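1. I'll drop the sequence and a predicted model, then ask my questions.
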Amino acid sequence: MSLDFHRKIGAAAAIMGFKGVALGAFGAHYLKSILSEQQLLWWEKAVQYQFYHIAPIILLAFLPSKNAKTIAIIFLLGCIFFSGSLYFMALTNIRWLGALTPIGGVLLLIGWGMLTYDILKKNN
């Protein structure tokens, strides 16, 4: 695994953290007076799950594994589908976007499963 990979994945996790703080504050201070209670719950859930997945992505930036890149990409795609669909659904109230959320959830589950397997196997 190259230094370039470590930097890209680490930067992606840092950007997710920055974006999570900004979007959380935006929701709490600006959207609170605009969105319905349900829309705010979707927004908060999106921020929450985005933050949950920063830690494993940072871990993958330093995990000596040939699968780390694939797992990190799966986590990133999971966050895009899961949190992204909830952000858009909260802002637009277009409920069919919620059909994308489970796709993100499945990708996140796959990422966690692959990370667990990768950590437990002996010959990375």
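-> Done, it's in. All of these numbers come straight from a predicted model, not from anything done at the bench.
2. Are there helices or strands packed against the longest helix along the chain, and which ones?
-> Identified as the longest helix of the chain according to DSSP state H is helix 3-29. Packing partners of helix 3-29 (3 or more C-beta pairs under 8 Å, 6 or more residues apart in numbering; DSSP states H and E): helix 37-52, helix 54-62, helix 68-92. For every residue, glycine as well, the C-beta is placed using N, CA and C.
3. Check those for me: which has the lowest mean pLDDT.
-> In terms of average pLDDT, helix 54-62 trails the rest of the helices and strands packed on helix 3-29, at a mean of 91.
4. residues making contact with it?
-> Helix 54-62 has contacts (C-beta atoms under 8 Å, 6 or more residues apart in numbering) with 5-6, 9-10, 12-13, 16-17, 20, 68-69, 71-72, 75-76, 111-112, 115.
5. okay, which residue is most central for the protein?
-> Geometric centre of the chain, nearest residue: residue 79, 2.8 Å, by C-alpha atoms, centre = their mean.
6. Perfect, I'm done here.
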